[in-house]
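1. Provide a 3D model corresponding to the input given below.
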Amino acid sequence: MRNLLIILTMSAISFGQAPVGDSRNTYVPNTDTHFKAREYKTLQEWEARKAHLRKQILSAAGLVPMPEKTPLHPQIFGRTEHEDYSVEKVLLETMPGFYLGGNLYRPLKKTGKLPAVMTAHGHWLYGRLENQELASIPGRSINLARQGYVVFSYDMVGYNDTIQTPHRFAGPQFQLWSFGALALQLWDSIRVVDFLQSLPDVDAERIAMTGASGGGTQTFLLAAIDDRVKYSAPVNMISAIMQGGCVCENAPNMRFDTSNLDIGAMMAPRPMLMVAATGDWTKNTPAEEYPAVRRIYELYGKGDNLETVQFQADHNYNKQSREAVYKFFAKHILGDSNAEKYAERNFEVDLPNNLLALHNRTLPANALTFEGVFDQWKQTARAQTAATRDPEAIRERLMYSLGAEWPEAVLNEAAGERVVLSRTGRGDRVSGIWIAGKGLPALVVHPDGAEAARKSPAVQDLIRAKRTVLLIDAFQTGPAVAPRDRSHDHFLTFNRSDDASRVQDILTALKFVGTKQPGKIELIGLGKAGPWALFAAAVAPAELKLKADLSGFDGSDQDFLDRFFVPGIQKAGGLHAALLLTEGMRK
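-> Sure, this is the predicted structure:
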């Protein structure tokens with residue numbers, strides 16, 4: 001089949017290959033799309049996919065490259081002792097001037113290195129202090145401590161003691177820098193692992209994590225990118241029919257061509273319990289999500305490391321769900337299968353003043369404002385870009401922010417000068433004009449499409465010189481302009497921006513030209529298409545000569561907002577990175 005595709009791609013006319021319409025306009029996934037599980041035939045295939053998804057998640061979270069792990073300066077104070085456990089207040093400086101609050105629960109009368117459990121609270125009104133029938137974060141922390149774990153219950157941003165940013169904030173300028181609640185929370189979780197591993201009473205190789213709802217998302221996202229999480233129990237969250245409702249779960253670029261089924265499965269082969277409820281979006285877990293994730297575990301020969309349980313309940317982390325987690329952790333972490341020993345015991349929650357780290361206290365003097373946190377994020381990104389010397393690392397960062405790929409093959413149909421291009425299995429459609437000639441071939445991109453390009457003086461000169469020329473209707477230009485539903489929340493989490501899609505179309509066209517006429521190609525971006533051509537050239541693994549109109553485009557945030565909007569593009573290096581990678585092409 002592969003050889004057949006190559007033959008079809010190399011022929012001038014290949015009928016029946018390109019789609020009638022562009023699927024990027026007709027299939028617009030969102031958080032409520034019913035995603036189907038992808039099939040992986042071999043462990044090698046899955047491991048390659050997992051490596052790609054890990055980088056995609058980290059890129060979307062603004063953690064490529066990873067920030068420096070500066071000193072946490074942990075403040076542990078306000079200890080309260082109960083009969084069989086203690087609780088302390090904690091402040092961690094996860095980034096310079098940015099503070100995370102939480103509570104450390106420890107068993108009394110236990111010695112040696114103990115396993116640790118991270119608990120993420122989710123979107124309950126009172127955050128980590130929530131204590132009601134549907135969810136008690138202190139209740140599960142107390143019971144886990146009694147069972148022999150060191151437990152750290154910590155805030156999402158904007159909750160309780162972690163108050164330097166709101167919880168829900170978003171906007172195009174933040175998106176350019178991959179700055180948001182998801183980014184900060186994932187980084188906080190990484191630093192929590194660092195903190196727990198630094199404690200003298202914690203076994204660094206036995207760290208677990210659990211949480212429900214948004215806390216479930218935090219759990220499986222951390223497990224996906226940090227192998228130090230050895231056991232996990234995401235509650236009421238891994239679903240094929242709902243991917244998360246908050247900006248802290250849905251950073252732009254996060255779920256290109258994927259869903260929580262794949263992301264949740266990245267925990268494999270480490271032990272994981274999928275807790276589900278009949279009254280929320282995990283209602284199908286036993287029949288759909290669990291079998292899909294288990295197939296990944298079975299590629300490792302570790303199917304039994306994945307378990308699921310479902311309760312007749314609404315969205316929750318209630319007593320039944322908590323007891324299921326206690327038993328699962330006891331079995332896999334403590335090596336104890338005696339379920340009766342891990343029934344939940346009655347508990348009494350401390351008053352808020354005994355749990356809140358900032359009760360009658362202020363943040364440290366170096367604490368940043370919200371604007372200061374964002375400014376520091378940008379300064380760090382610029383310093384990382386300036387310090388990176390490896391062109392391939394820079395190219396990869398841009399590639400992930402664009403959500404782009406260099407096609408293995410390009411399908412095409414031709415009728416006279418008219419050509420239609422598409423990528424295998426992608427459903428995209430790029431129409432254009434192919435003018436056969438001789439000498440150095442040229443791909444010309446105009447912001448108004450192929451016909452507008454044909455009329456330009458630059459293309460008229462190429463035609464007079466009898467050069468080979470391809471002119472394309474890049475995404476949403478010329479006759480390719482079409483309705484595209486952008487109304488759903490978190491649109492950019494699942495769908496590439498128009499400008500990112502235009503870069504992809506240029507890459508697809510470059511691959512086609514190189515197949516038809518191997519060798520160097522001249523890429524010309526006219527007018528507003530100049531930045532599209534520049535960034536395509538920066539990531540294309542092809543020998544190019546580049547002419548890109550950048551008049552007035554200096555790489556400021558406003559330039560990107562107005563002329564080349566791609567989430568994460570500034571975090572990936574922006575104009576500086578693109579110019580660096582194309583330096584030899586522009587001479």
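
2. which residues touch Arg270?
-> 223, 227, 229-232, 305 (C-beta atoms under 8 Å, 6 or more residues apart in numbering). No exception for glycine: its C-beta is placed from N, CA and C like everyone else's.

3. ditto for Met242
-> Applying C-beta under 8 Å, 6+ apart, the residues contacting Met242 are 31-32, 281.

4. cool, and Val539?
-> 395, 398-399, 402, 404, 406, 503, 507, 581.

5. read off the pLDDT value for it.
-> On pLDDT, Val539 comes in at 98.

6. please identify the buried residues of the host helix or strand of Leu53?
-> Using DSSP states H and E, Leu53 sits in helix 43-60. Buried residues in helix 43-60, counted by 16 or more other C-beta atoms under 10 Å: 43, 46, 49-50, 53-60.

7. coming back round to it: got a ChimeraX select line for the buried ones in the contacts of Arg270?
-> Entered in ChimeraX, the line below selects the buried ones among these, by 16+ other C-beta under 10 Å:
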select :223,229,230,231,232,305
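
8. just the contacts of Arg270 now: which is nearest Ala537?
-> For the contacts of Arg270, the minimum distance to Ala537 (C-beta to C-beta) is 36.0 Å, reached by Asp227.

9. for the closest one, what are its contacts?
-> Arg270.

10. could you do Ala540 as well?
-> 406, 506-507, 510.

11. now those residues as a markdown table including secondary structure and neighbour count?
-> Converted to a markdown table, those look like this (DSSP: H, G, I helix; E, B strand; the rest coil; neighbours: other C-beta atoms under 10 Å):
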| residue | secondary structure | neighbour count |
| --- | --- | --- |
| Trp406 | coil | 14 |
| Ile506 | helix | 28 |
| Leu507 | helix | 25 |
| Leu510 | helix | 24 |
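
12. next, format those as a markdown table and append pLDDT and distance to Ser239.
-> Output for the contacts of Ala540, formatted as a markdown table (pLDDT from 0 to 100; distance: C-beta to C-beta, whole Å):
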| residue | pLDDT | distance to Ser239 |
| --- | --- | --- |
| Trp406 | 98 | 33 |
| Ile506 | 98 | 36 |
| Leu507 | 98 | 33 |
| Leu510 | 98 | 38 |
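
13. circling back to that earlier point, chain center to the helix holding Leu53: distance?
-> When distances are taken as C-alpha atoms, centre = their mean, to the nearest Å, helix 43-60 is centred 10 Å away from the chain's centroid.

14. can I get it in PDB, CA atoms only?
-> Extracted as PDB, the C-alpha positions of helix 43-60 are listed here (Å, rounded to 0.1, in the frame of the first residue of the first chain):
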ATOM      1  CA  LEU A  43       4.000  -1.400  21.400                       C
ATOM      2  CA  GLN A  44       6.500   0.300  19.200                       C
ATOM      3  CA  GLU A  45       3.700   2.200  17.400                       C
ATOM      4  CA  TRP A  46       2.200   3.300  20.800                       C
ATOM      5  CA  GLU A  47       5.600   4.300  22.200                       C
ATOM      6  CA  ALA A  48       6.200   6.600  19.200                       C
ATOM      7  CA  ARG A  49       2.700   8.100  19.600                       C
ATOM      8  CA  LYS A  50       3.300   8.500  23.400                       C
ATOM      9  CA  ALA A  51       6.600  10.400  22.800                       C
ATOM     10  CA  HIS A  52       4.900  12.700  20.400                       C
ATOM     11  CA  LEU A  53       1.900  13.400  22.800                       C
ATOM     12  CA  ARG A  54       4.300  14.100  25.700                       C
ATOM     13  CA  LYS A  55       6.000  16.800  23.700                       C
ATOM     14  CA  GLN A  56       2.600  18.100  22.500                       C
ATOM     15  CA  ILE A  57       1.300  18.400  26.100                       C
ATOM     16  CA  LEU A  58       4.500  20.100  27.400                       C
ATOM     17  CA  SER A  59       4.500  22.500  24.400                       C
ATOM     18  CA  ALA A  60       0.900  23.400  25.000                       C
END
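
15. now do it: which elements does it pack against?
-> Identification of packing neighbours for helix 43-60 by 3 or more C-beta pairs under 8 Å, 6 or more residues apart in numbering; DSSP states H and E yields helix 214-225, helix 260-265, helix 289-299, helix 391-402.

16. contacts for the third one, please.
-> Outside helix 289-299, the residues that touch it by C-beta under 8 Å, 6+ apart are 37, 39-40, 42-43, 46, 238-240, 261, 264-265, 268-269, 272, 274, 276, 282, 303, 305-306, 308.

17. recalculate using a threshold of 6 Å.
-> 37, 43, 46, 238, 240, 261, 264-265, 268-269, 274, 303, 305-306, 308 (C-beta atoms under 6 Å, 6 or more residues apart in numbering).

18. any idea of the mean pLDDT in it?
-> 98.

19. neighbouring strands of the helix or strand following it in the sheet, and parallel or not?
-> Next helix or strand after helix 289-299 toward the C-terminus (DSSP H and E): strand 306-311. Within its sheet, strand 306-311 is paired with strand 272-277 (parallel), according to DSSP bridges.
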